[in-house]
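> below are the sequence and a predicted model; questions follow.
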Amino acid sequence: MKKAIFLFGALVLLFLDGYAQQSKLWYELPAETWEEALPIGNGRLGAMVFGIPGKERIQLNEDSLWPGGEKDWGLAKGRPADLKQIRDFLLAGEHQKADSLLVSAFSRKGVTRSHQTLGDLVLDFQWEEVSEYYRELDLERAVAFSRFQSEGYEVSQEVFASAPDQALIIRLITNHPKGFRGKIRLSRPEDQEVPTAETRAIHHQLLEMNGEVTQRGAKIDSKPSPIYQGVRFRSILHAEADVALTGTEDELWVDGATEITLKLVTATSYYHSNFEQVAQRQLDRIAFKSFGELQFRHQSEYQAWFNRMNLQLGKPFTADIPTDVRIQQVKEGKVDLWLEKLLFDYGRYLLISSSRPGTNPANLQGLWNPHIEAPWNADYHLNINLQMNYWPAEVTGLHELHEPLFDFTDALIENGKAVAQVNFGMRGSVLPHTTDLWKIPFLQAETAYWGSWIGSGAWLARHYWEHYLFTGDEAFLIERALPAIEQLSLFYADWLIEDPRDGSLVSAPSTSPENQFINPEGIKAASTLGAAMDQQLIEDIFTIYLKIKEINSTESELQKRIKTLLPKLRQGVILGEDGRILEWDREYAEPEKGHRHLSHLYAFHPANQITPSQTPQLLEAVKKTLDYRLAHGGAGTGWSRAWLINFSARLLDGGATHGHIQKLISQSLYPNLFDAHPPFQIDGNFGFTAGIAEMLLQSHEEGLIRILPALPKAWTDGAVSGIKARGGFTLDFEWKNGQLTWLKIHSELGKPILILADGSEMELNLKSGEQLEFEF
């Protein structure tokens, strides 16, 4: 039974107060490895805080620290004649020859050009008889805190990355009679034994580090190609204490201080041609601000993001078990709702900390990277990883944090026009499988299966569309999304060819990201005519483009052409003899039956071509496809398991979804909750948060919102506030004993909606700005 009443603000406060659960990672030992350190960030500038008594290491990052420049490398050598030959090979069934030519003509093969660390801030102090150690990362305040006792006296440290003041702020306090004694220094790793930065004390309170990013181990075309120039930077550290400090050549010394405040700023040539002056201005603005003022500004700004949404699972309780112990307990079979809630909040925290309007988008490691040459270059992989980074942005109310992805994609589309025209002889723009800060548009891979894929543009186009669906921002849709999607659609319209086997239109050459099949001759191959994911993606972007043109009430030649192409496009969802969705154009044998990518299910998630309301007959095919992969060892990586959480939620299977949550926590987390590919990739953190949101609410079916569609038995009680649905809706709700008890829905756009909740249907026609509350 439900009862609709108008909402009063006091009820919201009672609802939230009744489910107060703190979001803190905490530990009883300092970090010994980087994967135990705690991340902070303001979108551009970040750090990993180790919390080591007497030898504190704060590893520093800035999101634009890359070697090279925009014009370092040209396009691949391939031309339209090479593309024709590849297609002829495929039509003749000579997949291996097509693979070989695809790589030799259109790929720059192996590339090494990596995002890099800014360096380390080391606090080298003398402490003896250390005891009572504690450290935490408070997600509600975005502060890394540690404390311990030395000879019975208190020592504490607070660190945060301020967005309003564009600085790292550190406060050290002790009541030890001898105070802090030791040195403060900045350094940066060498690049193959060659210094990359110079540090000097320019004042008894100031350290300065200047440098330029190089990559002496760089490669292009799988061959050595050293890079001796790159982004330049200036970092300035200002130290203030209750005693006088002294400066040597490259260090600051302190003797007897009981309180020290450190302020670190960094500016780079990527963002500012006059970066040296910008760094100085950043420091000047905060030099005389107190720690309390800086912390207040930071916390107020950060909480304006973080407090947009709240999730509570289970009964109220205190966080009385260290985070690393909690992970171990889950490995031993325990269900830990507090840890699940914490990991959900952690994904939101990491996105706020690594992606802000005006910054670069979160890369493979978000913002945090201790290397000169990082795994996979810590760059941008566009065949799921970059997209997964932004899956939680809209549903958790962080719409503006999507902007760096759009900025990046817009620029990449401009560069991709040259590849489309010069390499392939086509209009529009094509985007690569992998790129970096400089938005290189060419394919890069030594093998066809790993990186010779052209579907990333269509996948990124869906992100523009999703932003519109959630926000209803028509100015964004017409002025920002339409030009981008039009260029991408234009390329795909030119790219399609007719498959003589059935007369349908297909993508060619077409691969399924990072996977291979065994052709009828028993040879492993990657290229084919119309792999499932490409066909699904092209149908998706064409459909989106037509919808935008309908909203815009305009006509174009491309619009007319796509209307003729769509009916001829081969379906991307075709079932094999065993009822699974085919990954390629035919039912080939699979050399890796448990492959981590589930690309041929794009139509189910993150797209909406397969849904319970519109295509219920295909849900069993999705389930069989997933079950087959899992039966053969699939989902071995953290991000793949996170995708399975999202898939299972859309299958409305709370039990299976929670099973994947248990496995992700027990198999794919480092002690600091970073996602383990391994090594660290941040996409699994973001995918987890998005998956939890899918369990709570689904709105991908047009005109329909499902409340608690995949509620597992373990989640007997809980509450949500601020979760977003497509159509401009914000929802708060509470459940007890597995049953929805309370729901509030607010409409920003005034669109009609059907709500499925508590086993019943409710048709609502709220006006813009209206809200209703229901009791069940």
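Looks like it arrived, so ask away. Numbering: from 1, shown residues only.
> please count neighbours and contacts with C-alpha atoms only from this point.
Noted.
> which residues touch the nearest residue to residue 243 once chain neighbours are set aside?
Leaving out its chain neighbours, the residue that sits closest to residue 243 by CA to CA, 6 or more residues apart in numbering is residue 257, at 5.4 Å. When contacts are counted by CA atoms under 8 Å, 6 or more residues apart in numbering, residue 257 touches 178-181, 241-243.
> repeat for residue 461
Taking CA under 8 Å, 6+ apart, we find residue 461 in contact with 481, 484-485, 488, 541.
> SS state for it?
Here residue 461 is recorded as helix under DSSP: H, G, I helix; E, B strand; the rest coil.
> one more: the one 3 residues further on?
What three-state DSSP gives for residue 464 is helix.
> since we're on it, how many residues are nearby?
Counted with other CA atoms under 10 Å, the neighbours of residue 464 add up to 23.
> and it, what pLDDT?
pLDDT recorded at residue 464 is 98.
> so for it, what's the nearest residue that isn't a sequence neighbour?
Closest to residue 464 by CA to CA, 6+ apart is residue 481, at 5.5 Å.
> got a quick ChimeraX command for the buried subset of the contacts of residue 257?
To isolate the buried ones among these in ChimeraX, judged by 16 or more other CA atoms under 10 Å, type:
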select :179,180,181,241
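> with secondary structure and distance to residue 766 added, can I get the contacts of residue 257 in a markdown table?
Converted to a markdown table, the contacts of residue 257 look like this (DSSP: H, G, I helix; E, B strand; the rest coil; distance: CA to CA, whole Å):
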| residue | secondary structure | distance to residue 766 |
| --- | --- | --- |
| 178 | coil | 66 |
| 179 | coil | 63 |
| 180 | strand | 61 |
| 181 | strand | 64 |
| 241 | strand | 58 |
| 242 | coil | 60 |
| 243 | coil | 63 |
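> which pair in the contacts of residue 257 spans the largest distance?
Of all pairs drawn from the contacts of residue 257, the greatest distance, 14.0 Å, lies between 178 and 241 (CA to CA).
> stretch 723-737 - what's its average pLDDT?
98.
> mind listing residues that contact that stretch?
With contact meaning CA under 8 Å, 6+ apart, stretch 723-737 is reached by 309-310, 394-397, 466, 469-472, 693, 697-700, 703, 705, 716-722, 740-751.
> now the buried members of these.
Neighbour-count burial (16+ other CA under 10 Å) applied to the contacts of stretch 723-737 gives 309-310, 394-397, 466, 469-472, 693, 697-700, 705, 717-722, 740-750.
> returning to what we had before: of all the contacts of residue 257, which comes closest to residue 642?
Nearest to residue 642 out of the contacts of residue 257 is residue 180 (CA to CA; 44.5 Å).
> ok, how many other residues are close to the nearest residue to residue 66 once chain neighbours are set aside?
Excluding the flanking residues, the one nearest residue 66 by CA to CA, 6+ apart is residue 115, at 4.8 Å. Per other CA under 10 Å, the neighbour tally for residue 115 reads 33.
> if we can go back for a sec, list just the nearest of the contacts of residue 461 to residue 456.
Closest approach to residue 456 among the contacts of residue 461 (CA to CA): residue 488, at 9.8 Å.
> tell me the contacts of that closest one?
Residue 488 is in contact with 413, 428-430, 457-458, 461, counting by CA under 8 Å, 6+ apart.
> which stretches of the stretch 401-550 of the chain form strands?
Secondary structure of the stretch 401-550 of the chain (DSSP state E, counting those that start in this stretch): strands at 434-435, 497-498, 505-506, 517-518, 524-525.
> what lines up beside the first one in the sheet?
Spelled out, that is strand 434-435. strand 380-381 (antiparallel) (DSSP bridges).
> and the strand it pairs with, what's its mean pLDDT?
For strand 380-381, the mean pLDDT works out to 98.
> outside of the next helix or strand after that strand, which residues touch it?
Later in the chain than strand 380-381, the nearest helix or strand by DSSP states H and E is helix 385-389. Defining contact as CA under 8 Å, 6+ apart, one finds that helix 385-389 is touched by 351, 362-364, 380, 459-460, 463, 639, 682-684, 686-687.
> what does stretch 25-40 give?
By CA under 8 Å, 6+ apart, the residues outside stretch 25-40 that reach it are 46-53, 133-139, 142-144, 160-161, 322-324, 342, 353, 368, 370, 670-672, 674.
> only alpha carbons, please: show that stretch as PDB.
Extracted C-alpha coordinates of stretch 25-40, given in PDB (Å, rounded to 0.1, in the frame of the first residue of the first chain):
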ATOM      1  CA  LEU A  25      39.300   4.200   5.100                       C
ATOM      2  CA  TRP A  26      41.500   3.600   8.200                       C
ATOM      3  CA  TYR A  27      44.500   1.500   9.100                       C
ATOM      4  CA  GLU A  28      46.700   0.700  12.100                       C
ATOM      5  CA  LEU A  29      50.000   0.700  10.200                       C
ATOM      6  CA  PRO A  30      51.600   3.100   7.800                       C
ATOM      7  CA  ALA A  31      51.800   2.300   4.100                       C
ATOM      8  CA  GLU A  32      54.700   0.200   3.000                       C
ATOM      9  CA  THR A  33      53.800   0.000  -0.700                       C
ATOM     10  CA  TRP A  34      52.200   2.500  -3.000                       C
ATOM     11  CA  GLU A  35      49.000   0.500  -3.100                       C
ATOM     12  CA  GLU A  36      48.600   1.000   0.600                       C
ATOM     13  CA  ALA A  37      49.000   4.800   0.400                       C
ATOM     14  CA  LEU A  38      46.000   7.100   0.400                       C
ATOM     15  CA  PRO A  39      45.000   9.200  -2.600                       C
ATOM     16  CA  ILE A  40      44.000  12.900  -2.500                       C
END
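> max-length helix in the chain?
In the chain, with assignment by DSSP state H, the single longest helix is helix 532-552.
> in that one, what counts as buried?
Using 16+ other CA under 10 Å as the test for burial, helix 532-552 gives 532-542, 544-546, 548-549.
> past the helix or strand of the chain with the lowest mean pLDDT, which element shows up next along the chain?
Between all helices and strands in the chain, the lowest mean by mean pLDDT, DSSP states H and E belongs to helix 9-17, at a mean of 38. The first helix or strand that comes after helix 9-17 along the chain, using DSSP H and E, is strand 24-27.
> pull the distance from that following strand to the chain's centre.
22 Å (CA atoms, centre = their mean, to the nearest Å).
> can you list the strands that that strand pairs with?
Assessed with DSSP bridges, strand 24-27 is paired to strand 130-138 (antiparallel).
> pull the CA atoms of the partner strand into PDB?
Only the C-alpha atoms of strand 130-138 are listed here, as PDB (Å, rounded to 0.1, in the frame of the first residue of the first chain):
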ATOM      1  CA  VAL A 130      56.600   5.100  17.900                       C
ATOM      2  CA  SER A 131      53.300   3.600  19.200                       C
ATOM      3  CA  GLU A 132      49.500   4.100  19.000                       C
ATOM      4  CA  TYR A 133      49.600   4.500  15.200                       C
ATOM      5  CA  TYR A 134      46.400   5.400  13.200                       C
ATOM      6  CA  ARG A 135      45.800   6.700   9.700                       C
ATOM      7  CA  GLU A 136      42.700   7.400   7.700                       C
ATOM      8  CA  LEU A 137      41.200   8.900   4.600                       C
ATOM      9  CA  ASP A 138      38.000  10.700   5.400                       C
END
